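Colleague: Pasting a predicted model and its sequence here:
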Amino acid sequence: MKKTRILIADDHEIVRRGILPLIASEWGWEVCGEAVEGRQAVSMALELKPDIVIVDISMPELGGVEVTRQIKRDLPETEVLVFSGHESESLVHQLFAAGARGFVMKSDAAQQLIPAIKALCSHQPFFGTRVAGIVFDQYLNGATQPKRAEPDGLTPREREIVQLLAEGKSNKDVAATLGISVKTAETHRAAIMRKLGFEAFSELVRYAVRNHLVQP
């Protein structure tokens, strides 16, 4: 019988160490890799082609929303389970729009992580209790379509650049990370500030923290 292969993407070692024994307790499951930042998570997923990727929201280099979007774009059969300490209506919608099928709060891991993985093994969605409440509240409020994943008007590439800049990287660093010219990086930065209506770099950092692109 084919094993269920799981990739864990979280930059905190203590979290990864906590997940491992839970997965090991289930027959037929194996952890095929561990990623400590977002870009590594995407590259490892493309190489290993896991059945399930467990993704944290806030990771260096590339956040959980964009990690999810890129994995689902290139590996549509791979399911993404978000495992996070953050929750908000906007964040939940961004993740589901990106292709995630499950969402579990880290505080609920002992009770909900295994049921969530089992659901995704069958390609069924799984919402943790509090996330289910967010989805249900929207239903009660009469919303028939999820909110736009990018209400700020930024493109996925621009959001990548926001994260890198907020992490303290220079335009040259951003260019090297993304494989673009420094001039292109500078042009993106100017366009981002203009779109968001920011004049000070500190405003961009606060925006990144507020949208869980970086940790405070």
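Modeller: Now that the structure is in, tell me what you want to look at. Quantities reported herein were computed from a predicted structural model and do not represent experimental measurements.

Colleague: Could you check which helix or strand contains Ile180?
Modeller: Secondary structure here is read from DSSP states H and E; on that basis Ile180 sits in neither a helix nor a strand.

Colleague: residues touching it, list them.
Modeller: For Ile180, the contacting residues are Val174, taking C-beta atoms under 8 Å, 6 or more residues apart in numbering as the criterion. To be clear about C-beta, it is placed using only N, CA and C from the backbone, and glycine gets the same treatment.

Colleague: quick one, phi/psi of the residue nearest the centre of the chain?
Modeller: For the chain, the residue whose C-alpha lies nearest the mean C-alpha position (C-alpha atoms, centre = their mean) is Gly64; its distance is 1.4 Å. Per-residue torsions, Gly64: phi -60, psi -30 (degrees, to the nearest 10).

Colleague: Spit out the contact partners of it.
Modeller: 9, 38, 55-58, 82, 84, 95, 212.

Colleague: any idea how far it is from Ala116?
Modeller: According to C-beta to C-beta, to the nearest Å, Gly64 stands 15 Å off from Ala116.

Colleague: go on, Ile71?
Modeller: According to C-beta to C-beta, Ile71 and Ala116 sit 17 Å apart.

Colleague: same deal with Ile52?
Modeller: 9 Å.

Colleague: Could you find the closest non-adjacent residue to Ser25?
Modeller: In space, Ser25 comes closest to Ile114 once its chain neighbours are excluded; the distance is 7.7 Å by C-beta to C-beta, 6 or more residues apart in numbering.

Colleague: and the lengthiest helix in the chain, C-alpha only, in CSV?
Modeller: For the chain, the helix that runs over the most residues, judged by DSSP state H, is helix 182-196. Extracted as CSV, the C-alpha positions of helix 182-196 are listed here (Å, rounded to 0.1, in the frame of the first residue of the first chain):
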residue,chain,number,x,y,z
VAL,A,182,18.1,45.8,-9.4
LYS,A,183,16.3,48.4,-11.6
THR,A,184,13.3,46.1,-11.8
ALA,A,185,13.3,45.6,-8.1
GLU,A,186,13.5,49.4,-7.6
THR,A,187,10.6,49.8,-10.1
HIS,A,188,8.5,47.3,-8.2
ARG,A,189,9.2,49.0,-4.9
ALA,A,190,8.1,52.3,-6.2
ALA,A,191,4.9,50.8,-7.7
ILE,A,192,4.1,49.1,-4.4
MET,A,193,4.5,52.3,-2.4
ARG,A,194,2.3,54.1,-4.9
LYS,A,195,-0.4,51.5,-4.9
LEU,A,196,-0.6,51.4,-1.1
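
Colleague: Give me the angle between the helix or strand just after that helix and helix 182-196.
Modeller: Beyond helix 182-196 in the direction of the C-terminus, DSSP H and E gives the next helix or strand as helix 201-210. Angular relation of helix 201-210 and helix 182-196 on a 0 to 180 degree scale: 80 degrees, by axes from the mean of the first three to the mean of the last three C-alpha atoms, to 10 degrees.

Colleague: Any buried residues in the one helix or strand Phe96 maps to, and which?
Modeller: Under the criterion DSSP H and E, the helix or strand holding Phe96 is helix 89-98. Applying a neighbour-count criterion of 16 or more other C-beta atoms under 10 Å, one finds 91-98 buried in helix 89-98.
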